[in-house]
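> Have a look; sequence and predicted model below, questions after that.
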Amino acid sequence: MNFLNISGNYKNLSYSISDINGRIIKNEIIGDNTKIKLAEINSGLYIINILVDGQSSSHMIEIKKP
């Protein structure tokens with residue numbers, strides 16, 4: 001998985017990716033871009049927190065690399 005796509009048409013989108021120990025691995029404000037680059041993140045379980053127009057959601061993601 002090199003990218004994570006977020007469907008929708010958003011003006012204010014930001015996110016943070018944390019490992020299972022709570023350390024922030026990556027965070028970014030991406031505005032209206034809905035593609036998050038994951039290529040530089042190692043394999044493992046992560047929590048992604050997404051903030052869109054004042055609404056937040058958290059999701060567990062697993063990144064697998066060969």
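In hand now; what should we look at? Just so it is clear, the model here is predicted, and its values are computed rather than measured.

> Give me the buried positions along the strand or helix carrying Ser16.
Following DSSP states H and E, one finds Ser16 within strand 13-19. Going by neighbour count (16 or more other CB atoms under 10 Å), the buried part of strand 13-19 is Leu13, Tyr15, Ser16, Ile17, Ser18. Every C-beta, even on glycine, is put in place using the N, C-alpha and C of the backbone.

> Stretch 24-37 now?
Neighbour-count burial for stretch 24-37, counted by 16+ other CB under 10 Å, picks out Ile25, Thr34, Ile36.

> quick check: mean pLDDT across it?
The average pLDDT within stretch 24-37 is 84.

> partner residues bridging the spatially most central residue of the chain?
Most central in the chain under CA atoms, centre = their mean is Ile48, positioned 4.6 Å from the mean C-alpha point. When bridges are called by DSSP bridges, Ile48 pairs up with Ile17, His59.

> Low-confidence ranges, the protein, go.
1, 32-33 (pLDDT under 70).

> how about the strands in it?
Along the chain, the stretches classed as strands by DSSP state E are 3-5, 13-19, 24-29, 35-37, 44-52, 55-63.

> elements contacting the second one?
Yep, that's strand 13-19 we're talking about. With contacts taken as 3 or more CB pairs under 8 Å, 6 or more residues apart in numbering; DSSP states H and E, strand 13-19 sits against strand 24-29, strand 44-52.

> Would you mind pulling up the elements that the shortest one packs against?
Contact here means 3+ CB pairs under 8 Å, 6+ apart; on that basis strand 24-29 packs against strand 13-19.

> okay, the angle between the strand it packs on and strand 24-29?
For strand 13-19 against strand 24-29, the angle by axes from the mean of the first three to the mean of the last three CA atoms, to 10 degrees is 180 degrees.
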